[in-house]
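A.B. asks: Fold the following, please.
(2 chains)
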Amino acid sequence: ILNVEQSPQSLHVQEGDSTNFTCSFPSSNFYALHWYRWETAKSPEALFVMTLNGDEKKKGRISATLNTKEGYSYLYIKGSQPEDSATYLCAPLTSGTYKYIFGTGTRLKVLA
Amino acid sequence: GAVVSQHPSWVICKSGTSVKIECRSLDFQATTMFWYRQFPKQSLMLMATSNEGSKATYEQGVEKDKFLINHASLTLSTLTVTSAHPEDSSFYICSASEGIIVTEAFFGQGTRLTVV
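C.D. replies: Residues are numbered from 1 along each chain as shown, chains lettered A, B, ... in the order given. So this is what the prediction gives:
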C-alpha cells in the first residue's frame, strides 16, 4: 500500500506571507503526481499534474516541484491571499494500477 | 474545466434503508469513475473503480453487496448504500476520468451521509 504523507497537517499564515507544503510518497513505480486544491463545500480542483523528475509547474502565485527519485513534491504559495484558504491534496499515481492514493492534505488558513 | 455533478450533497436516512448517490459528468464522457469515502481527519480512501458497461472493481475490504456501484452510461455512475447503518455515515465523493488510464480526474462535490 502506498503511504502518502503531507506536512504540515494545517497552518495559519498572514496575508502576504509565502508558504510551502510537502508531499512524501514511495518513489517506486511512480507514474504521476497530482495536486488538488479543495475549498469547503466545493469540488477538489486540479492544480498541477507532474510526471517527470525535476518538473516545476507554476500557476499564478502557486508553484510546485517534483523529485521522483527521493519521493517528494513541494507546493509553494507566494504572497498568500485569503482566497488561497483551502485544503491542498497531493495524489500520486503508480504505474500499473493508475489509481490515486491521497494524502490527508494540508489545511491552509490565510488570515486577512 | 470539466464538470462533475454529484447529488445529493447531503442526506440523512434511517438505519436499514438504502441510499443512492449519483455522479454525473456534464460535459465529457467519463470512461472511468472512482468512488471514495472519507472519515473525519483521514484521507480520501478509494472504494471502487468502475468502467462504463463493466462491473466495478472494489478495493480490499469494501463490501460490494453493501456498496452497489452502477456505471450504465458514459455520463452517470451511481453508488447505492444498501441497508445503511450508522457506521456507514461518512463523506462520499466521486471522480471521473475520460480515459481508462487516468491523466486527470474531475471530482464531484461530495455527499455527506448520516444514518440515524
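
A.B. asks: Up against chain A, what does chain B have?
C.D. replies: Those residues of chain B that sit near chain A, judged by Cβ under 8 Å from any Cβ of the partner chain, are B:1, B:4, B:6, B:9, B:34, B:36, B:41-46, B:49, B:93, B:95, B:100-110. C-beta: built from backbone N, CA, C; applies to glycine.

A.B. asks: Could you tell me which of those residues count as buried?
C.D. replies: B:4, B:6, B:34, B:36, B:43-46, B:49, B:93, B:95, B:102, B:105-110 (16 or more other Cβ atoms under 10 Å in any protein chain shown).

A.B. asks: Any residues of chain A in contact with chain B? List them.
C.D. replies: A:4, A:32, A:34, A:36, A:41-46, A:49, A:89, A:93, A:98-105.

A.B. asks: so of those residues, which ones are in strands?
C.D. replies: Among the residues of chain A next to chain B, the ones falling in strands (DSSP state E) are A:32, A:34, A:36, A:45-46, A:49, A:89, A:93.

A.B. asks: If any of those residues are buried, put those into a PyMOL selection.
C.D. replies: Command for PyMOL that selects the buried part of those, burial taken from 16+ other Cβ under 10 Å:
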select buried, chain A and resi 32+34+36+46+49+89+93
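
A.B. asks: Mind putting the ones in strands among the residues of chain A next to chain B into a markdown table with pLDDT?
C.D. replies: Putting those into a markdown table (pLDDT from 0 to 100) gives the following:
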| residue | pLDDT |
| --- | --- |
| A:Ala32 | 92 |
| A:His34 | 94 |
| A:Tyr36 | 95 |
| A:Glu45 | 93 |
| A:Ala46 | 92 |
| A:Val49 | 93 |
| A:Leu89 | 96 |
| A:Leu93 | 89 |
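
A.B. asks: ok now do residue 90, which residues does it touch?
C.D. replies: Picked chain A for this. A:4, A:6, A:23, A:25, A:33-36, A:73, A:75, A:102-103 (Cβ atoms under 8 Å, 6 or more residues apart in numbering or on different chains).

A.B. asks: oops, chain B please
C.D. replies: B:Ser90 touches B:37-39, B:113, counting by Cβ under 8 Å, 6+ apart.

A.B. asks: what are the phi and psi values for it?
C.D. replies: phi -170, psi -180 (degrees, to the nearest 10).

A.B. asks: Please report how far it lies from A:Val49.
C.D. replies: Distance from B:Ser90 to A:Val49, counting by Cβ to Cβ, to the nearest Å: 28 Å.
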